[in-house]
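In: Predicted model follows, preceded by the sequence.
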Amino acid sequence: MIDNREQQSLETFYKKFPLEMREAVETVSMDMWDPYVAATKAFIPDAEEKIVFDRYHATKIVTQAVDKVRKQEHHRLMDQGIDILKGTKYLWLWNQENIPEFRQEEFASLRAQDLQVCRAQAIKENLRNLWNYKSTAWMEKFFKRWYFWATHCRLKPMIAAAKTLQSHVANILTYAKHKVTNAIGESINSKIEKMKRLACGYRNRDHYRTAILFHCGGLDLYPRRRNIALQIFAS
């Protein structure tokens, strides 16, 4: 376990493996953190073709931009005494199929209005189609159309998000070849965050590391406890 996200941290991990093992690496799925990208390019041969920027982090950038649009518009509307966006944050952040049934009518009513956040949400939802394509050429063709739409929507947060993805697009499109994501890693991160919340935080870093290893280390305690019980009865 490494306690920080510096380039040297990942380089220290890579140095544990001989060159022939690093040459055998077929793909590396990661977020767009530049220090990790630099470390991977320094230690993994042909890393430019092997790095895949995870779809979760790509869509997260756009989702955060949608929330900025909502906040800005909500403040403008509230200045006019209009509170239709109050309490609607997650309606715009959830994937459309995950919106609870009891709020779908409310969401449909909002989408029928001429709101900036409606445009932003439509751009965000449309981006999800990028990962349905099976070839790099078709992914690239779709992204170019999406990028044009996003950068001409006159919504500054969405334009900035689109330009961020454009600057990393080469290793977003490598998904078509490698078909990998950080889903397992993100699941573990969610478990760690839940554990941290339930404990109300950890003041001692070593205790925090121990708790992570205990809960997420794949320990199989049950068979051992069962054997102990059988030994007691046998005696």
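Out: Happy to help now that I have it.
In: The helix or strand encompassing Glu106 - contacts with which helices or strands?
Out: In this assignment (DSSP states H and E), Glu106 forms part of helix 101-111. When contacts are defined as 3 or more Cβ pairs under 8 Å, 6 or more residues apart in numbering; DSSP states H and E, helix 101-111 sits against helix 89-93, helix 116-127. Heads up, the C-betas are built off the backbone N, CA and C, glycines and all.
In: low pLDDT regions in this protein?
Out: Across the chain, the ranges flagged by pLDDT under 70 are 1-3, 186, 220-235.
In: residue boundaries of the strands in this structure?
Out: Taking DSSP state E as the test, the strands found in the chain are 28-30, 51-53.
In: Quick check: which of those strands is nearest to Gln8?
Out: Checking the strands of the chain against Gln8 by Cβ to Cβ gives strand 28-30 as the closest, at 16.1 Å.
In: Quick one: the helices and strands packed on helix 101-111 as TSV, columns for mean neighbour count and distance to Asp46 too.
Out: Formatted as TSV, the helices and strands packed on helix 101-111 follow (neighbours: other Cβ atoms under 10 Å; distance: least, Cβ to Cβ, whole Å):
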stretch	mean neighbour count	distance to Asp46
helix 89-93	17	37
helix 116-127	20	28
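In: Now tabulate these in a markdown table and tack on distance to Gly201.
Out: Output for the helices and strands packed on helix 101-111, formatted as a markdown table (distance: least, Cβ to Cβ, whole Å):
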| stretch | distance to Gly201 |
| --- | --- |
| helix 89-93 | 25 |
| helix 116-127 | 32 |
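In: on that earlier part again, packed most tightly, which of the strands of the chain would that be?
Out: Mean neighbour count (mean count of other Cβ atoms under 10 Å) peaks for strand 51-53 among those, with a mean of 23.
In: How far away from the center of its chain is that strand?
Out: 12 Å (Cα atoms, centre = their mean, to the nearest Å).
In: contact partners of it?
Out: 27-32, 37, 40-41, 168, 171-172, 174-175, 178, 180-181 (Cβ atoms under 8 Å, 6 or more residues apart in numbering).
In: in its sheet, what does it sit against?
Out: strand 28-30 (parallel) (DSSP bridges).
In: Provide a list of residues in contact with the nearest residue to Gln7 once chain neighbours are set aside.
Out: Spatially, and ignoring its direct neighbours in sequence, Gln7 is nearest to Pro35 (3.7 Å; Cβ to Cβ, 6 or more residues apart in numbering). By Cβ under 8 Å, 6+ apart, the contact list for Pro35 reads Arg5, Glu6, Gln7, Leu10.
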